[in-house]
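Undergrad: missing the sequence, but the structure's below:
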């Protein structure tokens, strides 16, 4: 019967003889690990213990160093997506394969996270049910990024084992399976995902099945980051199932602690062998639960319903048609800004109407729970830089989300994201070449016309008038009239201060919504009196007596003083991106 079950690929469920402590494991012991190389067939891999690395992950966080044997694993080496593969000695669960030896290593050398360290996640939670015997818990350790873990191998083990050129262990990469996304777009964010231990790979999605939730140790699961018209899902192998709890990976996914990500059933399409880094090509199907914990020694989830995600709608319109994309994005403070940026850029650049020379008119809202929505509004003209379409839009969206999610006041909860992009099939941009006023001496309250010479991209220069009314309270004497683009004026006035100086999230959103738009031509009258910035308020022409009082009553850094004040600001909509600046001198009589 045992031989029949082995041939059926079902043996991991039969290895139910409890657990084995790391203190019972000795060098030279033979064991078995289970994983999937293709399809849903769980296959055994023979292994031999090389040694025990004490305190490798931290105090009382040991690692079992093993060498894997078998035709497939000796050909592929330790594969991305293999992390979490359960390891047994004498039918008892010892832990999860989680580490590999460097890169380009000929030997299939791996590190095993002991089961005690994995189940320590469960032991730390109140009311934890269990079907595995209780074992002593290791001390809880601070969260660390799995990419920072480099475990040196002791010299005595190096001398006894043919470990090749590498001399350290690192976490096995987690495949980041993508569908419906352009490789060029994914490449823009490659460094961010690589830093988190992700190995990006193409994959697929399958129709959900009633049997999706019937998982066992050795099966694949996916942790979904983005779903809908594109998907991004990280994949790992199941180590153990305790009641309704699923343990996987044997190392952190990101190391974020408590999380809320949909847990999907995973299927291995094939194992792609590589001298540098072999990886599992996988697909995902139905939702089987929620990933709740992302800890130093493993990830843990609950079987059942999926958690809520942030709905995101991206509309792309052209003179000929309009397309709509719907996504669902995981709400994780450290990841959501990147995921939203990826979805935004992918929706733009994969549109067949997009081509070189297309200008983007972008509007949108970020609907926040219990707060006013943050607005997105700007023009984006193409440049000569060799970057995929929509790159600047994506990074501006990333910047806004990062400021919202990283605010120091309260957790920000996004209810809905809406982005509308209008594609204009021409390069709509113009630079400021010169500016002049019809009068150099004016009276307070007088309106003058400032003329600006603009040169559009590959077009004839034209003149744009900007009416400027000198404020009645303007100081007499020489003033500077700055004719410029939005970026220059934002930088000159420094209206957007550090978020730590604000009163709360409402003020941060208000400042974000006040950012000037780059499709307008601006004129600002600057005078040499000081401006006091208090939280999200600008107080121009502040008397020195009031500044001294505020300095005495407020904490240092709560207010900032600028050397100039704006006596007035005017703008004209241009329906194209404006760049450049010119300064004029106006004398108020």
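TA: Received it, and whenever you're ready, just let me know what you need. None of the values given here were measured: they were computed from a predicted structure.
Undergrad: what residue of the protein is the furthest out?
TA: Counting by CA atoms, centre = their mean, the extreme residue of the chain relative to its mean C-alpha position is residue 589, 55.5 Å from that point.
Undergrad: Enumerate every residue touching that one.
TA: By CB atoms under 8 Å, 6 or more residues apart in numbering, the contact set of residue 589 is 441-443, 476. The way it works is simple: take the backbone N, C-alpha and C, and place the C-beta from them, glycine included.
Undergrad: same thing but 10 Å
TA: For residue 589, the contact set (CB atoms under 10 Å, 6 or more residues apart in numbering) comprises 441-444, 446, 470, 476-477.
Undergrad: Would you quantify the distance from it to residue 342?
TA: Distance of residue 589 to residue 342, given as CB to CB, to the nearest Å: 57 Å.
Undergrad: Now stretch 176-190: buried residues?
TA: Within stretch 176-190, the residues that count as buried by 16 or more other CB atoms under 10 Å are 176-182, 185-186, 188-189.
Undergrad: again, but for stretch 415-431
TA: 417-424, 427-431.
Undergrad: pLDDT averaged over stretch 107-117 - what is it?
TA: Mean pLDDT, stretch 107-117: 90.
Undergrad: Stretch 175-195 spans what distance, first to last residue?
TA: 13 Å (CA to CA, to the nearest Å).
Undergrad: Distance from the chain centre to it, please.
TA: In terms of CA atoms, centre = their mean, to the nearest Å, the centre of stretch 175-195 is set 11 Å apart from its chain centre.
Undergrad: and what of stretch 296-315?
TA: 14 Å.
Undergrad: Show me what counts as buried in that stretch.
TA: 296-303, 306-307, 309-315.
Undergrad: Now do the helix or strand hosting residue 450, average pLDDT.
TA: Secondary-structure assignment from DSSP states H and E places residue 450 in strand 447-456. Strand 447-456 shows a mean pLDDT of 95.
Undergrad: Listing partners with orientation, what would you give for it?
TA: Within its sheet, strand 447-456 is paired with strand 429-437 (antiparallel), strand 462-469 (antiparallel), according to DSSP bridges.
Undergrad: Would you reformat these as TSV and include distance to residue 211 and mean pLDDT?
TA: Shown next, in TSV, are the strands paired with strand 447-456 (distance: least, CB to CB, whole Å; pLDDT from 0 to 100):
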stretch	distance to residue 211	mean pLDDT
strand 429-437	56	95
strand 462-469	67	95
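Undergrad: hey, which of those strands is tucked in deepest?
TA: Mean neighbours per residue, mean count of other CB atoms under 10 Å, is largest over the strands paired with strand 447-456 for strand 429-437, with a mean of 18.
Undergrad: could you pull out the helices for the stretch 251-400 of the chain?
TA: For the stretch 251-400 of the chain, helices defined by DSSP state H, counting those that start in this stretch occupy the ranges 336-349, 391-405.
Undergrad: elements contacting the longest one?
TA: When contacts are defined as 3 or more CB pairs under 10 Å, 6 or more residues apart in numbering; DSSP states H and E, helix 391-405 packs onto helix 183-188, helix 336-349, strand 359-368, strand 374-380, strand 414-424, helix 505-513.
Undergrad: what sits against the closest residue to residue 401 other than its chain neighbours?
TA: Leaving aside its sequence neighbours, residue 401 sits nearest to residue 337 (CB to CB, 6 or more residues apart in numbering; 3.6 Å). Neighbour list for residue 337: 192, 329, 397-406 [criterion: CB under 10 Å, 6+ apart].
Undergrad: do residue 345 as well
TA: Contacts of residue 345 by CB under 10 Å, 6+ apart are 181-182, 184-186, 188-189, 314, 387-395, 397-398.
Undergrad: just residue 473 next, same as before
TA: Going by CB under 10 Å, 6+ apart, residue 473 touches 444-445, 541, 567-568.
Undergrad: Which of these sits closest to residue 462?
TA: Residue 462 has its nearest neighbour among the contacts of residue 473 in residue 568, at 24.9 Å by CB to CB.
Undergrad: In terms of helices and strands, where is the closest one?
TA: Going by DSSP H and E, residue 568 is in strand 565-573.
Undergrad: Check which residues of that strand are buried.
TA: Result for strand 565-573 [16+ other CB under 10 Å]: buried residues 565-568, 570-571.
Undergrad: want to throw the residues you listed into CSV with distance to residue 47 and pLDDT?
TA: Shown next, in CSV, are the buried residues of strand 565-573 (distance: CB to CB, whole Å; pLDDT from 0 to 100):
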residue, distance to residue 47, pLDDT
565, 73, 67
566, 71, 74
567, 77, 81
568, 76, 87
570, 74, 95
571, 69, 95
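Undergrad: Any chance of the buried residues of stretch 415-431 in JSON lines with distance to residue 460 as columns?
TA: Listed next are the buried residues of stretch 415-431 as JSON lines, based on distance: CB to CB, whole Å:
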{"residue": "417", "distance to residue 460": "40"}
{"residue": "418", "distance to residue 460": "38"}
{"residue": "419", "distance to residue 460": "34"}
{"residue": "420", "distance to residue 460": "31"}
{"residue": "421", "distance to residue 460": "29"}
{"residue": "422", "distance to residue 460": "25"}
{"residue": "423", "distance to residue 460": "24"}
{"residue": "424", "distance to residue 460": "19"}
{"residue": "427", "distance to residue 460": "15"}
{"residue": "428", "distance to residue 460": "14"}
{"residue": "429", "distance to residue 460": "14"}
{"residue": "430", "distance to residue 460": "11"}
{"residue": "431", "distance to residue 460": "13"}
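Undergrad: wait, which of these is closest to residue 269?
TA: Proximity of the buried residues of stretch 415-431 to residue 269 (CB to CB) peaks at residue 417, which lies at 31.3 Å.
Undergrad: Low-confidence stretches in the chain?
TA: 1-17, 102-106, 123-167, 275-276, 352-356, 386-389, 493-501, 529-565 (pLDDT under 70).
Undergrad: Residue 406 contacts residue 412, correct?
TA: Yes. Residue 406 is within contact range of residue 412, at 8.9 Å (criterion: CB atoms under 10 Å).
Undergrad: List the contacts of the closest residue to residue 406 other than its chain neighbours.
TA: Among residues not flanking residue 406 along the chain, residue 333 sits closest, at 7.3 Å (CB to CB, 6+ apart). By CB under 10 Å, 6+ apart, residue 333 lies in contact with 256, 259, 401-402, 404-407, 411-412.
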